[in-house]
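Chemist: predicted model follows, preceded by the sequence.
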Amino acid sequence: MLQLPKNVWLLAICSAFFMSVAVFMVFVGGIIGNSLTHVKNLSTLPVAIIVVGTALTILPVNRLMSLFGRKRVFLSVCLYTIATIGLGIYAINTESFLLFCLSSFLLGATAATMYQFRFAAIESVQEEQRTTAIAIVLLGSLLSAYLGPEVATLGKNWFEVDFIGSFVLLALLFVPAFVL
């Protein structure tokens, strides 16, 4: 394997943290949605809405990166995600299904940003290393398949209201992502 810059490995780790948001919401969104709405047919709406949020924010995220640079946008989205997770916590505490759906929609931008990590990896290596760099970053995304459900399970009963601790743990993933 070609020697890759440290940046590629950091991007892979951050990719795992960013993608864990979507995996986390798929894992708990329906359960929380079910507890927040009386219309049980809408229980999985928060899961669907994160996909809509992702689709609607891919182009704006791409535009922001071309205007301000990838690093600034990645750092800003870390803070944005922590705030949006805070909105999710507030929604659960106040039993607001609509606010929870809004939080889910806004978290779609985090997932949209995750898709940009592979391009950042390409830009940080020589041409012959590009395919390996992309593979490493995408491999980092596989870690999110473990992180999302694990975070949800570990924090589920930390507080009086179920899953508040899970959201706190999810927010904490973005502290090292910001620092890295």
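Modeler: Yep, it's here.
Chemist: looking at the chain, which helix or strand is least sure?
Modeler: The weakest-scoring helix or strand in the chain, judged by mean pLDDT, DSSP states H and E, is helix 174-179 (a mean of 84).
Chemist: which elements pack onto it?
Modeler: helix 6-36, helix 70-93 (3 or more Cβ pairs under 8 Å, 6 or more residues apart in numbering; DSSP states H and E). To be clear about C-beta, it is placed using only N, CA and C from the backbone, and glycine gets the same treatment.
Chemist: which one of those lies closest to residue 173?
Modeler: The minimum distance between residue 173 and the helices and strands packed on helix 174-179 falls on helix 6-36, with 4.5 Å, by Cβ to Cβ.
Chemist: next helix or strand past the closest one?
Modeler: On the C-terminal side of helix 6-36, the nearest following helix or strand under DSSP states H and E is helix 45-68.
Chemist: from the contact counts, what lies against that following helix?
Modeler: helix 6-36, helix 70-93, helix 97-114.
Chemist: which SS state does the residue of the chain most remote from its centre fall under?
Modeler: Going by Cα atoms, centre = their mean, the residue of the chain most distant from its centre is residue 128, 29.8 Å out. Classification of residue 128 using DSSP: H, G, I helix; E, B strand; the rest coil returns helix.
Chemist: any idea how far it is from residue 85?
Modeler: 39 Å (Cβ to Cβ, to the nearest Å).
Chemist: where in this structure is pLDDT low?
Modeler: 1-2 (pLDDT under 70).
Chemist: tally of neighbours for residue 28?
Modeler: Other residues lying near residue 28 total 24 when counted by other Cβ atoms under 10 Å.
Chemist: how about the nearest residue to it, chain neighbours excluded?
Modeler: Among residues not flanking residue 28 along the chain, residue 152 sits closest, at 4.8 Å (Cβ to Cβ, 6 or more residues apart in numbering).
Chemist: please apply the same query to residue 86.
Modeler: Excluding the flanking residues, the one nearest residue 86 by Cβ to Cβ, 6+ apart is residue 171, at 7.1 Å.
Chemist: ok, now residue 125?
Modeler: Leaving aside its sequence neighbours, residue 125 sits nearest to residue 133 (Cβ to Cβ, 6+ apart; 4.6 Å).
Chemist: contacting residues for that neighbour?
Modeler: By Cβ atoms under 8 Å, 6 or more residues apart in numbering, residue 133 lies in contact with 4, 8, 118, 121-122, 124-125.
Chemist: which single one of those is nearest to residue 22?
Modeler: Out of the contacts of residue 133, the member with the shortest distance to residue 22 (by Cβ to Cβ) is residue 118, at 15.7 Å.
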